[in-house]
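Q: got a sequence here, can you model it:
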Amino acid sequence: MYNELTAVDIKKMNEELFHRTNVLRPKLSDDVKEARSLGDLSENAEYRSARRAFGRNESRIRFLHKMINTAKIIEVNSAPDEVGLFDKIVVEYDDTNETEELIISTTTRLDPEHGIISKESPFAKAVLGKKVGDKIHVKANAESEYNVTIKSIIKGQDDDSIPLNGY
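A: Model (predicted):
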């Protein structure tokens, strides 16, 4: 299986991978060696902490390698009047008349707390390709469904402004 990622996603992952491999790995390895030299490993909290930090870094390196190697590169292009990736949209929930501003991003750069949602979410799948004024039915799961109306679309671009998800 693969993830659909943009060229910017891959660039950001390669930058993080370089940093983790060439800067963090040697530092964390030195931290483990230094903590090991402090004595009895069975009661050495610094050693356990250093090993955990080293392991988390190695895990992230493996994850980044896998994501990069299995990615399918997609283009960020949509019609000027249609919802596409990285566009800022305002939707109105039909049942409450409340509005919400959202940006649809790839799975590697989402942040729901700040209105950046995955293109793989039921909501994003429902609104991608739609236009201002369109009423859309969103089925989130078996128990939750709702209707929204697209109020505005501000065309966005795939840039470095949205960071990669942490781990």
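Q: leaving out sequence neighbours, find the closest residue to residue 130.
A: Using Cβ to Cβ, 6 or more residues apart in numbering and skipping residues adjacent in sequence, the residue nearest residue 130 is residue 83, 5.2 Å away. Where you see a C-beta, it was placed from the backbone N, CA and C, and this is true even at glycine.
Q: what is the burial count for that neighbour?
A: 25 (other Cβ atoms under 10 Å).
Q: and for residue 96?
A: 8.
Q: contacts only, for it.
A: Residues near residue 96 by Cβ atoms under 8 Å, 6 or more residues apart in numbering: none.
Q: help me confirm that it is found in a strand?
A: No - assigned with DSSP: H, G, I helix; E, B strand; the rest coil, residue 96 falls outside any strand and is coil.
Q: list the buried residues of stretch 38-54.
A: Buried residues in stretch 38-54, counting neighbours by 16 or more other Cβ atoms under 10 Å, are found at 44, 47, 50-51, 54.
Q: relative to residue 49, how far out is the residue nearest to residue 130?
A: As judged by Cβ to Cβ, to the nearest Å, residue 83 and residue 49 stand 46 Å apart.
Q: residue 158 now?
A: 38 Å.
Q: next: residue 69.
A: 31 Å.
Q: got it, and residue 108?
A: 28 Å.
Q: now residue 105
A: When residue 105 is compared with residue 49 (using Cβ to Cβ), they lie 33 Å apart.
Q: one more: residue 31?
A: On the measure of Cβ to Cβ, residue 31 and residue 49 end up 9 Å apart.
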